[in-house]
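>>> Just need the structure, nothing else, for what follows:
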Amino acid sequence: GIESLTKLFQKNPINIVTVNLSNNDIGDKDVSLLCKVFKITNSLRELNLAKNAITGHCLKYMANWLCVNQSLKTLDLSSNPLESQLNFLGDIVMKCSSLETVLLGGMTFNLKLLVQPLLVSRVKWLDLSRSEPDEETIVALASYVGGNEWLETLEFGSNPITDMVAPLAQAFESNNSLVRLGLQKCNLNDRNIIQIVQALTGHDTLEVLDLAFNETYDGSIGPCLHQLLISTPKFREIDISGLEIVIDGMVEVAKGIMANQGMTKITCQGGYDSNDHEDMLFRSLYGHPNVSTIDLSNREFTTETLMGLMKLIESNEAINELIFKDCTFEDTELVQRLFEIPGLYMIDLNGN
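Numbering: from 1, shown residues only. Purely as a prediction, here's the structure:
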């Protein structure tokens, strides 16, 4: 239990670097005991308390310890009932100067109380996925993202923000530090995605964008994705899984991938009604110097499509990792031949 763990920490405080106590039914009393022990160590770098029963009331104990701690870099409080006493969470974010990663996914709260602390913090990675934000929270987040110069990664997936995109798009356009942005499963329609992608196009630092499994219908996002790919200097990874893109739009995406020589990973899970989409994607990668990973999970591979993929792999030495999770194959013999292609060191067939 926690009491025996605290005794262990007291015996060997200087060597504790990572503590993972996620999903252990830990409550406020347990956290208060842990904080007393953590006060005597300056070595702790990562603390994971996700998926427990910690409430906002214990944040005061954590704040008293963390505000004097200068070693902790990662704090994971995801999926805890922290809706109250968020002023103490603000103290932690603002005064723990070493803190770089804050994970708060799966919690519903008004971000307004955290905006000012976040603005003066040096947090680089913020996870607010599955937080069910209201309009006030979106406005607060936009204020933070648009005015912060340290934030590099924002995970905001699984939040239904269809009608609240405008302030976020403005914030993305103003931001000068984002490297990775996760907006998967946000119920974004074609118009929403176009608005966001246009705001990000030409961004000086953006490298990774996840738009997977949003609610596109008319397939009009191809041209704006093309522009993002050719005009964003450091861009290298994109996830367009599950998006409806008409064939003309897929041609534009393919052209963008061909033109962007810095691309390293393409994720395009989920199937289409036609092989033409896959064909366009494969054609864009012929001779591409840097794309090394392709994730084509959750698809139904016809013999024609699989042969096209094999031709691509055989002609492009840069590709060394394929991900085929939960796929079905019309020709299993062709799948076996994939294992015989020189240079492929990783073929993930998990779930097949």
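>>> Could I get the buried residue list for stretch 304-315?
Buried residues in stretch 304-315, counted by 16 or more other C-beta atoms under 10 Å: 305, 306, 308, 309, 310, 312, 313. From N, CA and C alone the C-beta is placed, and that goes for glycine too.
>>> same question, stretch 196-208
By 16+ other C-beta under 10 Å, the buried positions in stretch 196-208 come out as 196, 197, 199, 200, 201, 203, 206, 207, 208.
>>> centre of the chain versus the host helix or strand of the first one, how much separation?
Assessed by DSSP states H and E, residue 196 sits inside helix 190-200. Distance of helix 190-200 from its chain centroid, counting by C-alpha atoms, centre = their mean, to the nearest Å, is 18 Å.
>>> Listing partners with orientation, what would you give for the helix or strand that that helix is followed by?
In the C-terminal direction, the helix or strand that comes right after helix 190-200 (DSSP H and E) is strand 208-210. Take DSSP bridges as the rule and strand 208-210 pairs in its sheet with strand 180-182 (parallel), strand 237-239 (parallel).
>>> how about these, which one is nearest residue 165?
In terms of C-beta to C-beta, the element of the strands paired with strand 208-210 nearest to residue 165 is strand 180-182, at 13.1 Å.
>>> average pLDDT across that closest one?
Averaged across strand 180-182, pLDDT comes to 98.
>>> now do stretch 149-167
pLDDT averaged over stretch 149-167 gives 96.
>>> mind checking the end-to-end distance for that stretch?
Length of stretch 149-167, first residue to last, C-alpha to C-alpha, to the nearest Å: 18 Å.
>>> which of the residues in that stretch are buried?
Using 16+ other C-beta under 10 Å as the test for burial, stretch 149-167 gives 151-159, 161, 164-165, 167.
>>> same deal with stretch 64-84?
Using 16+ other C-beta under 10 Å as the burial criterion, the residues of stretch 64-84 that qualify are 64-66, 69, 72, 74-80, 82.
>>> ok, so of the residues you listed, who is nearest residue 324?
Within the buried residues of stretch 64-84, the smallest distance to residue 324 is 29.2 Å, found for residue 78 (C-beta to C-beta).
>>> just for the stretch 251-352 of the chain, where's the confidence low?
Low-confidence segments of the stretch 251-352 of the chain (pLDDT under 70): 271-276, 345-352.
>>> just the helices in it please.
For the stretch 251-352 of the chain, helices defined by DSSP state H, counting those that start in this stretch occupy the ranges 276-285, 303-315, 332-338.
>>> picking up where we left off before, list just the nearest of the buried residues of stretch 64-84 to residue 105.
The shortest gap between residue 105 and any of those belongs to residue 78, at 4.3 Å (C-beta to C-beta).
>>> got a list of what that closest one touches?
By C-beta atoms under 8 Å, 6 or more residues apart in numbering, residue 78 lies in contact with 50, 51, 103, 104, 105, 106, 107, 127.
>>> Give me the lowest-pLDDT entry from these.
For the contacts of residue 78, the weakest pLDDT value sits at residue 107, with 86.
>>> hang on, that one packs against residue 131?
Yes. Look at residue 107 against residue 131 with C-beta atoms under 8 Å: they come within range, at 5.9 Å.
>>> Any regions of the stretch 1-150 of the chain where pLDDT drops low?
Applying pLDDT under 70 to the stretch 1-150 of the chain picks out residues 1-2, 12-14.
>>> all strands in it, in order from the N-terminus.
18-20, 46-48, 74-76, 101-103, 125-127 (DSSP state E, counting those that start in this stretch).
>>> Pipe those strands into a markdown table and attach distance to residue 55 per row.
Shown next, in a markdown table, are the strands of the stretch 1-150 of the chain (distance: least, C-beta to C-beta, whole Å):
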| stretch | distance to residue 55 |
| --- | --- |
| strand 18-20 | 20 |
| strand 46-48 | 17 |
| strand 74-76 | 16 |
| strand 101-103 | 17 |
| strand 125-127 | 20 |
